[in-house]
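Visitor: Next input, structure requested:
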Amino acid sequence: MLSPEEKKEIARMVAEEVMSRLKTFLRQPEPAEKLLTITELSERIGYSTKTIYNWINEDFIPHIKTRSGGVRFDLNKVLGWLAKRKCNGRATRRLKI
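Guide: Presented below is the predicted three-dimensional model:
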């Protein structure tokens with residue numbers, strides 16, 4: 001049989017483990033990545049700012065308009081959008097003869 005002190009110690013250890021697991025489970029999601037400006041996006045993806053402005057005007061690229069009239073970009077969404085647009089060029093296509 002366990003003594004009352006041993007029972008308390010086991011209860012304390014179990015409570016600590018449960019709290020630790022709950023904290024891990026209930027952890028707040030990581031803060032969203034910083035939204036990029038047109039210049040920052042241009043540097044990251046290798047397209048000119050003029051091209052990006054054209055895409056914005058055509059409502060072609062995923063973007064967020066700020067209250068002050070600026071434009072920001074979520075890099076993950078833009079990269080996903082670029083990946084969907086990727087196509088195989090001649091060098092990667094197989095010719096059927």
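
Visitor: alpha carbons only for contacts and neighbour counts from here, please
Guide: Fine.

Visitor: Identify the single longest helix in the chain, thanks.
Guide: Ranked by residue count under DSSP state H, the longest helix found in the chain is helix 4-25.

Visitor: Show me what counts as buried in the helix or strand just after it.
Guide: Next helix or strand after helix 4-25 toward the C-terminus (DSSP states H and E): helix 38-45. Of all the residues in helix 38-45, those buried under the rule 16 or more other CA atoms under 10 Å are 38, 41, 42.

Visitor: so the first one makes contact with residue 49?
Guide: Yes - using CA atoms under 8 Å, residue 38 is in contact with residue 49, at 6.3 Å.

Visitor: Quick one: residues contacting residue 87.
Guide: Applying CA atoms under 8 Å, 6 or more residues apart in numbering to residue 87 gives no contacts.

Visitor: Need the CA coordinates for the longest helix of the chain. PDB is fine.
Guide: Below are the C-alpha coordinates for helix 4-25, written out as PDB (Å, rounded to 0.1, in the frame of the first residue of the first chain):
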ATOM      1  CA  PRO A   4      -0.500   9.300   1.900                       C
ATOM      2  CA  GLU A   5       2.700  11.200   1.000                       C
ATOM      3  CA  GLU A   6       3.400   8.800  -1.900                       C
ATOM      4  CA  LYS A   7      -0.100   9.200  -3.200                       C
ATOM      5  CA  LYS A   8       0.200  13.000  -3.100                       C
ATOM      6  CA  GLU A   9       3.500  12.800  -4.900                       C
ATOM      7  CA  ILE A  10       2.100  10.500  -7.600                       C
ATOM      8  CA  ALA A  11      -1.000  12.800  -8.000                       C
ATOM      9  CA  ARG A  12       1.400  15.800  -8.300                       C
ATOM     10  CA  MET A  13       3.400  14.100 -11.000                       C
ATOM     11  CA  VAL A  14       0.300  13.100 -13.000                       C
ATOM     12  CA  ALA A  15      -1.100  16.600 -12.700                       C
ATOM     13  CA  GLU A  16       2.200  18.100 -14.000                       C
ATOM     14  CA  GLU A  17       2.200  15.700 -17.000                       C
ATOM     15  CA  VAL A  18      -1.400  16.400 -17.800                       C
ATOM     16  CA  MET A  19      -0.800  20.200 -17.700                       C
ATOM     17  CA  SER A  20       2.300  19.800 -19.800                       C
ATOM     18  CA  ARG A  21       0.400  17.900 -22.500                       C
ATOM     19  CA  LEU A  22      -2.600  20.300 -22.300                       C
ATOM     20  CA  LYS A  23      -0.300  23.300 -22.800                       C
ATOM     21  CA  THR A  24       1.200  21.600 -25.900                       C
ATOM     22  CA  PHE A  25      -2.200  20.700 -27.200                       C
END
